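> Got a predicted structure here, sequence first:
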Amino acid sequence: MMASHRESGERTRGSSRRGFLFAAGSVGLAGLSGCITRGEESDLTGEIIVDGSNTVLPHTAAVAEEFQWRNNRVRIPVRGSGTGAGFQQFIAGETALQNASRRITDEERADAEANGIEFLELEAVLDGIAIMAHPDGPVDRLTVDQLHRLWRQDSDVERWSDLDSEWPDREISLYGRDSASGTYDYFTEAINDEPGNIRRDYNETADTNVIVRGVSGNRDALGFGGAGYFYENEDDLKLIEVDDDNGGVIPTDETVARAFEDDPDGPAYTPLSRSMYIYVNVNDLERDVVREFARFFFRREDPDSPAWTQRVAPRVKFYPIPDSLVERESDRLEAKIEEVR
């Protein structure tokens with residue numbers, strides 16, 4: 001069973017998602033400011049530039065910290081420009097790794113091919129997109145249809161009573177990610193059947209922390225964002241149950257994992273559970289330091305221990321991928337490395 005987000009879990013070198021969001025810039029600065037005076041020396045040297053999803057950033061930053069501790073002459077700046085903005089840099093050959101909270105689009109794939117960028121997509125971690133509300137907000141559960149009516153491009157819903165006549169006749173204030181975000185793309189496709197199909201009068205932002213602050217400060221606010229942001233701020237927010245004809249479910253280790261099972265043994269958090277990815281520039285796999293960092297995600301300290309991508313996931317409020325996926329992605333990575341060496 002996966003570790004609960006409510007448990008401290010196995011501690012490695014950092015302490016929280018919030019810490020990594022704050023310190024991710026420090027990881028980047030360390031990559032630009034010379035040698036780290038701590039950690040273990042190895043034969044590996046160099047810098048690996050990582051950008052992309054603001055949501056995935058804490059996970060990759062946590063893996064990068066562990067890798068840098070074991071290879072203290074390696075620098076890994078991890079930045080969070082957003083999935084879409086990050087892909088623009090990645091397909092231009094400006095970054096070695098790309099964090100992504102959605103899959104690459106056909107247009108982005110074509111641009112990469114035109115630029116001679118071959119890439120490898122690797123599933124690294126699981127997440128649920130949370131519907132967050134003020135603790136004193138008037139609702140505890142929304143159906144998928146109500147979310148669709150509320151967020152779709154031509155929505156005429158302005159007040160709680162527009163969704164249910166028994167709810168308060170008060171205006172709803174909406175917060176969500178902007179169009180550069182993979183979370184935005186996934187949410188709009190899952191709820192409104194098309195990426196980018198969303199009303200234009202919500203408070204959009206590139207920073208999920210802005211959503212947290214907006215929702216926690218207004219009893220009639222509602223927002224969407226990675227579930228980890230809720231669990232880092234659960235004293236100031238509440239989770240809204242999402243009812244996909246299943247009575248209403250919130251994102252937990254178990255409900256998110258069940259969304260990827262063919263025959264789940266309980267309720268699954270659908271349709272807002274998702275895989276998240278790292279993309280590796282195949283040309284950069286010719287560099288020892290990039291090869292070893294990519295391998296490190298799926299490496300185990302011993303046969304019975306979790307891989308690093310699994311180990312750090314609960315610490316930054318994500319959900320570990322299953323062992324079967326670790327083995328599959330590790331095998332795919334090794335096959336690609338053999339091609340380029």
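Thanks, I have the structure now. Numbers count the residues shown, from 1 in each chain.
> what about the longest helix in this structure?
helix 323-340 (DSSP state H).
> What pLDDT does the model give the nearest residue in space to residue 270 that is not next to it in sequence?
Leaving out its chain neighbours, the residue that sits closest to residue 270 by C-beta to C-beta, 6 or more residues apart in numbering is residue 244, at 4.7 Å. Bear in mind the C-beta positions are built from the backbone N, C-alpha and C, glycine included. With respect to pLDDT, residue 244 scores 97.
> same check, this time on residue 15
Confidence score, pLDDT, at residue 15: 47.
> list the contacts for the closest residue to residue 330 other than its chain neighbours?
Of all residues not flanking residue 330 in the chain, residue 298 sits nearest, at 3.9 Å (C-beta to C-beta, 6+ apart). Counting by C-beta atoms under 8 Å, 6 or more residues apart in numbering, residue 298 touches 307-309, 326, 329-330, 333.
> still on that earlier bit, for the longest helix of the chain, which helices and strands make contact with it?
strand 119-133, helix 288-297, helix 308-312 (3 or more C-beta pairs under 8 Å, 6 or more residues apart in numbering; DSSP states H and E).
> Now do the last one, average pLDDT.
The average pLDDT for helix 308-312 rounds to 97.
> how near is residue 107 to residue 87?
Between residue 107 and residue 87 the computed distance is 10 Å (C-beta to C-beta, to the nearest Å).
> picking up where we left off before, can you point out the buried residues in the longest helix of the chain?
The neighbour-count check on helix 323-340 (16 or more other C-beta atoms under 10 Å) flags 325-326, 329-330, 333, 336-337 as buried.
> domain parsing for this protein?
Under automatic domain parsing, the residue ranges defining each domain of the chain are 17-126+276-340, 128-258.
> got these as a markdown table, with distance to residue 269 columns?
Shown next, in a markdown table, are those (distance: least, C-beta to C-beta, whole Å):
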| stretch | distance to residue 269 |
| --- | --- |
| domain 17-126+276-340 | 10 |
| domain 128-258 | 4 |
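> Out of the ones you listed, which gets the lowest mean score?
Lowest mean pLDDT within the domains of the chain: domain 17-126+276-340, a mean of 89.
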